[in-house]
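Q: Take a look and give me a structure for this.
(one chain, ligands or ions: 1)
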Amino acid sequence: MIPAAFDYAAPTSLEEAISLLQQHGDEAKLLAGGHSLLPLMKLRLAVPSFVVDLGRIPDLAYIREDGNRIAIGAMTTHDALQSSQLLQQRVPLIAQAAGMVGDMQVRNRGTIGGSIAHADPASDLPAVVTALKGEIVARGPNGTRTIPAEDFFQDIWTSVLEPEEVVTEIRVPAADNALQTYEKFRQRSADWAIVGVAVDITRQNGAVSQASVVLTNVGPTPMRATGVEEALQGRPATAETIAAVAARADEGLEPSGELKASREYKLHLTRVLTRRALEAVLLR
Ligand code: FAD
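A: Coordinates of the predicted model:
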């Protein structure tokens with residue numbers, strides 16, 4: 001449980017961090033909250049010879065309005081997301097889901113940038129940011145690029161991020177009275193999701209005009225429940241509609257079974273949690 005030896009640097013600017021990543025290539029790893037990287041290093045599943053700590057770079061932790069979007073700095077902790085009044089009012093899905101990440105210790109150290117960059121399909125925020133149709137801003141040697149969350153996650157622990165790029169910001173649309181929620185099923189309160197469902201819905205004249213439903217931990221990336229989204233479109237939200245639509249939530253999914261949950265149980269949870277999430281935003 002002791003990591004292999006590594007060199008360490010704590011740069012004070014993004015430029016310096018990017019330059020260190022360029023110098024050390026695949027041997028280097030960025031360190032944010034350390035709550036995914038350090039356990040992997042202790043198990044020697046990650047063996048970087050150079051660790052670049054983002055903790056001393058100023059201005060990477062913030063939550064601010066930017067027109068009709070909210071911009072969130074990559075080093076913003078889960079705890080800051082959970083307690084942000086701006087997010088609670090204008091993007092409640094992020095504040096709610098961040099409050100369900102791990103335990104207090106994890107929320108105090110873990111960051112949104114680390115969670116997104118790590119691209120773990122069992123993590124909550126990748127599905128949430130995908131459901132919100134958010135964007136990930138990454139800076140590298142060739143400048144800054146903005147990647148839709150929809151295109152960011154490629155496979156388990158794999159994203160389109162280049163080794164010498166740093167996630168600097170996450171941007172999500174803001175809305176008043178948003179119909180959003182996150183349903184997470186876990187055995188104990190601080191556990192990872194066995195299955196999670198992130199929902200963001202817009203309703204006009206009593207009917208659903210836009211539905212975004214994205215699932216946690218039932219595939220190699222955040223999985224969009226397109227059958228549910230299509231079936232909700234233009235429909236008035238009644239309990240009968242929701243029950244019929246939620247029954248389609250597991251269409252096309254091939255989740256792997258795990259110690260705590262078989263494949264079939266995960267598919268069952270997916271349908272049940274989707275119904276609960278839709279009821280929560282549309283009926284209550
Ligand atoms: P780090 O561990 O520092 O880094 C993770 C990876 O991302 C590394 O590869 C690192 O190089 C890279 N990275 C970090 N920041 C950047 C950046 N800005 N740009 C590019 N690459 C970067 N998560 C959940 O979603 N739900 C849970 O229920 C949950 N439970 C947990 C329980 C425990 C006991 C623990 C230890 C962790 C848990 N987590 C959970 C994970 C937690 O949310 C982590 O904080 C998160 O996954 C990674 O964020 P971090 O800031 O700690 O990143």
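Q: what packs against the top helix by length along the chain?
A: Selection of the longest helix in the chain by residue count, based on DSSP state H, yields helix 263-282. Where contact means 3 or more C-beta pairs under 8 Å, 6 or more residues apart in numbering; DSSP states H and E, helix 263-282 is packed against strand 179-185, strand 195-204, strand 207-216, helix 226-232, helix 239-246. C-betas here are computed from N, CA, C, even on glycine.
Q: now the ones you listed as a markdown table including distance to the ligand and mean neighbour count?
A: As requested, the helices and strands packed on helix 263-282 are exported to a markdown table (distance: least, C-beta to the nearest ligand atom, whole Å; neighbours: other C-beta atoms under 10 Å):
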| stretch | distance to the ligand | mean neighbour count |
| --- | --- | --- |
| strand 179-185 | 8 | 23 |
| strand 195-204 | 9 | 23 |
| strand 207-216 | 8 | 22 |
| helix 226-232 | 22 | 20 |
| helix 239-246 | 23 | 17 |
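Q: picking up where we left off before, got the angle for the longest helix of the chain vs strand 195-204?
A: Angle, helix 263-282 to strand 195-204, by axes from the mean of the first three to the mean of the last three C-alpha atoms, to 10 degrees: 30 degrees.
Q: then helix 263-282 to PDB, C-alphas only?
A: C-alpha atoms of helix 263-282 as PDB (Å, rounded to 0.1, in the frame of the first residue of the first chain):
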ATOM      1  CA  ARG A 263     -26.400  -7.300 -14.500                       C
ATOM      2  CA  GLU A 264     -30.100  -8.000 -14.200                       C
ATOM      3  CA  TYR A 265     -30.300  -6.100 -10.800                       C
ATOM      4  CA  LYS A 266     -28.600  -3.100 -12.400                       C
ATOM      5  CA  LEU A 267     -31.100  -3.100 -15.300                       C
ATOM      6  CA  HIS A 268     -34.000  -3.300 -12.800                       C
ATOM      7  CA  LEU A 269     -32.500  -0.400 -10.800                       C
ATOM      8  CA  THR A 270     -32.100   1.700 -13.900                       C
ATOM      9  CA  ARG A 271     -35.900   1.400 -14.700                       C
ATOM     10  CA  VAL A 272     -36.900   2.000 -11.100                       C
ATOM     11  CA  LEU A 273     -34.600   5.000 -10.500                       C
ATOM     12  CA  THR A 274     -35.600   6.600 -13.800                       C
ATOM     13  CA  ARG A 275     -39.200   6.400 -12.800                       C
ATOM     14  CA  ARG A 276     -38.500   7.900  -9.400                       C
ATOM     15  CA  ALA A 277     -36.400  10.700 -11.000                       C
ATOM     16  CA  LEU A 278     -39.100  11.600 -13.500                       C
ATOM     17  CA  GLU A 279     -41.800  11.500 -10.800                       C
ATOM     18  CA  ALA A 280     -39.700  13.700  -8.600                       C
ATOM     19  CA  VAL A 281     -39.300  16.500 -11.300                       C
ATOM     20  CA  LEU A 282     -42.600  16.100 -13.100                       C
END
